[in-house]
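> Here is the input, now give the coordinates:
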Amino acid sequence: MPIGEFGGAPPLVAEGSPALTTPMYWMYEMGHASLNPARAVTDAAKILFQNPLNPWSHTQFGKSIAAACELFERTTRRYGKPEWGLDFTEVNGIQTPVEVRSIWEKPFCRLLHFDRKLTRPLRAPHPRVLIVAPMSGHYATLLRGTVEAFLPTHEVYITDWSDARMVPLTEGRFDLDDYVDYVIEMLHVLGGNMHVIAVCQPSVPVVAAVSVMEAVRDPFVPLSMTLMGGPIDTRRNPTSVNNLAAERGIDWFRNHVITKVPFPHPGVMRDVYPGFLQLSGFISMNLDRHTDAHKALFNNLVKGDGDMVDKHREFYDEYLAVMDLTAEYYLQTVDLVFVKHALPKGEMTHRGKPVDPSKIRRVALMTVEGENDDISGLGQTEATHALCPHIPDHRRVHYVQKGVGHYGVFNGSRFRSEIVPRISDFMMSATTTNESAVKIKPTLVRAAE
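Got it, this is the predicted structure:
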């Protein structure tokens, strides 16, 4: 169906002419394959110079050779989807096993439940939370720390988006309308009594989904929605990311970053924004920092500082694992969110019908921002409150976490110690229908005390 006034997702590059769009991805695949012999040689050299029976392995020269080999291997590797690694959590002081299982699945997403195998019944049910992970390049495991922080006191579910290159072309397209439909369907599957947390990019489709549900008085509308570092209105304090989209326009992205998935991937000939291009963009934004980190890795490998080496590996095994996005979803998001600002201007539609956040009345709203966020500037997420005037003041909160950037909004020590308790309190208060019992401070909380 047409998507609003734009008549559908932006047309793709050279539609019907795969020969003009495929070479970028094919050349990447060929380049990666051409490195296999060199990788095999460096792997063998690394084993040789790490073998304690080799006298050279105990020398500065030998350690440097082994470190250089590992650096080469890591910088030329294709990183697969990381594991969650959340096998246990602590509930009421008791170590509790956790089973990660899929409870709903469609071609482009699975709904995962972190099922805590409780050995004792809870005094009161814990809040049920659906975390909507970003579909913006990294896998949902990027939110491992987010999930881990909520597990002891919440029943946690998360969206696990699929890598577009792994979805056969026969499964059809996936655009922003489909994203909204997926969120609504997942809330129906979960059966109500849910809280929703949108981390970064999903803030826009989550607001759209809740608006659509409220417009039809859907009984499965969430009790609350928490938006964290989301680009609701990128006209406020625009960052370099926002400016890039506005300056280059949708045609530039259509002509420069969209290509077709090559054989032998299951999604062969699907139009995508490939993960390797996204990764080059991520790295180029902070090239000096990443270069210094890898220099430090080399030095720590030579020194034998295992703790620092493990921290580097843990971070970059996650950071360098990226997935492809469908072209129609990516281009439509850039166009509507970053170029046309459709949601804050009241021009966004879903399946041809207006998306009106002013319809939201039953859902409590919390927005969280980082003081030093260089992806979603201060005020961009807070703008949601102006779009939802019919949410009572005592059921809305805005919080700015001092001293953190974009990543710190949903991960890290300050997230665990300062943001999570506030979100938990907000959720508990949002379940209270009696206004006199609501604990949240009226009006907006601007920053941490």
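> Residue nearest the middle of this protein, spatially speaking?
Pro134 (2.7 Å; C-alpha atoms, centre = their mean).
> Find the helix or strand that Pro266 is a member of.
Pro266 belongs to no helix or strand when elements are defined using DSSP states H and E.
> roughly how far apart are it and Pro392?
Counting by C-beta to C-beta, to the nearest Å, the gap from Pro266 to Pro392 is 48 Å. (C-beta placed from N, C-alpha, C; glycine too.)
> neighbour-wise, which of these two wins?
Higher neighbour count among Pro266 and Pro392: Pro266, with 15 against 12, using other C-beta atoms under 10 Å.
> so what pLDDT did that one get?
On pLDDT, Pro266 comes in at 94.
> do the same with Gly4
In this prediction, Gly4 carries a pLDDT score of 31.
> How are the strands of the stretch 1-150 of the chain distributed by residue range?
Along the stretch 1-150 of the chain, the segments classed as strands by DSSP state E, counting those that start in this stretch run 88-91, 94-106, 109-116, 128-132.
> Reformat those strands as CSV; add mean neighbour count.
Output for these, formatted as CSV (neighbours: other C-beta atoms under 10 Å):
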stretch, mean neighbour count
strand 88-91, 16
strand 94-106, 13
strand 109-116, 20
strand 128-132, 24
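> if I look at the closest residue to the residue nearest to the centre of the chain other than its chain neighbours, how far off is Ala133?
Nearest residue to Pro134 in three dimensions, chain neighbours excluded: Gln201, at 4.2 Å (C-beta to C-beta, 6 or more residues apart in numbering). Using C-beta to C-beta, one gets 9 Å for the distance from Gln201 to Ala133.
> Which residue ranges make up each domain of the chain?
Here the domain parsing of the chain from the TED database is 21-76, 88-437.
> most packed of these?
domain 88-437 (a mean of 19; mean count of other C-beta atoms under 10 Å).
> Contact partners for the closest residue to Thr431 other than its chain neighbours?
Spatial nearest neighbour of Thr431, excluding adjacent residues (C-beta to C-beta, 6+ apart): Leu223 at 5.6 Å. Leu223 sits next to 193-195, 363-364, 427, 430-431 when contact means C-beta atoms under 8 Å, 6 or more residues apart in numbering.
> you'd agree His154 is up against Val129?
Yes - contact criterion C-beta atoms under 8 Å: His154 and Val129 qualify, at 4.7 Å.
> Now intersect the contacts of Leu223 with the helices, please.
427, 430 (DSSP state H).
> want to throw the contacts of Leu223 into TSV with distance to Asp160 and pLDDT?
Output for the contacts of Leu223, formatted as TSV (distance: C-beta to C-beta, whole Å; pLDDT from 0 to 100):
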residue	distance to Asp160	pLDDT
Asn193	22	92
Met194	17	95
His195	19	97
Val363	24	96
Ala364	26	96
Met427	22	95
Ala430	25	89
Thr431	26	81
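> Kindly indicate which of the contacts of Leu223 lies nearest Glu99.
Met194 (19.9 Å; C-beta to C-beta).
> Phi and psi next, for the closest one.
phi -120, psi 150 (degrees, to the nearest 10).
> ok, it - contacts?
The contact partners of Met194, taken as C-beta under 8 Å, 6+ apart, are 128-130, 187, 220, 222-223.
> In a markdown table, list those along with distance to Gly403 and pLDDT.
Output for these, formatted as a markdown table (distance: C-beta to C-beta, whole Å; pLDDT from 0 to 100):
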| residue | distance to Gly403 | pLDDT |
| --- | --- | --- |
| Arg128 | 31 | 96 |
| Val129 | 25 | 97 |
| Leu130 | 28 | 98 |
| Leu187 | 34 | 97 |
| Phe220 | 38 | 96 |
| Pro222 | 30 | 96 |
| Leu223 | 30 | 96 |
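> Excluding sequence neighbours, find me the nearest residue to Ser376.
The nearest residue in space to Ser376 (C-beta to C-beta, 6+ apart) is Gly229, at 4.7 Å.
> what's the answer for Pro52, then?
Among residues not flanking Pro52 along the chain, His58 sits closest, at 7.7 Å (C-beta to C-beta, 6+ apart).
> likewise Ser136?
Gln201 (4.5 Å).
> Distance of the one you found relative to Gly192?
For Gln201 relative to Gly192 (C-beta to C-beta), the value is 25 Å.
> give me every residue that touches the residue nearest to Ser136.
134-136, 230-231, 333.
> swap the cut-off to 10 Å and go again
When contacts are counted by C-beta atoms under 10 Å, 6 or more residues apart in numbering, Gln201 touches 132-137, 179, 229-231, 333, 337, 375-376.
> Model confidence for it, exactly?
pLDDT, read off for Gln201, is 92.
> just checking, Glu171 touches Arg270?
Yes - taking C-beta atoms under 10 Å as the contact criterion, Glu171 and Arg270 are neighbours in contact, 9.0 Å apart.
> Give me the contacts around stretch 287-294.
Contacts for stretch 287-294 (C-beta under 10 Å, 6+ apart): 71, 74-75, 282-284, 286, 312, 315-316, 319-320.
> So what's the gap between it and the chain middle?
Computed by C-alpha atoms, centre = their mean, to the nearest Å, the chain-centroid distance of stretch 287-294 equals 22 Å.
> all helices for the stretch 101-250 of the chain, in order.
144-150, 176-190, 203-215, 240-256 (DSSP state H, counting those that start in this stretch).
> Please name the strands paired to whichever helix or strand comes after the last one in the sheet, noting orientation.
On the C-terminal side of helix 240-256, the closest following helix or strand by DSSP H and E is strand 259-260. The strands beside strand 259-260 in its sheet (DSSP bridges) come out as strand 271-273 (antiparallel).
> Sounds good, over and out.
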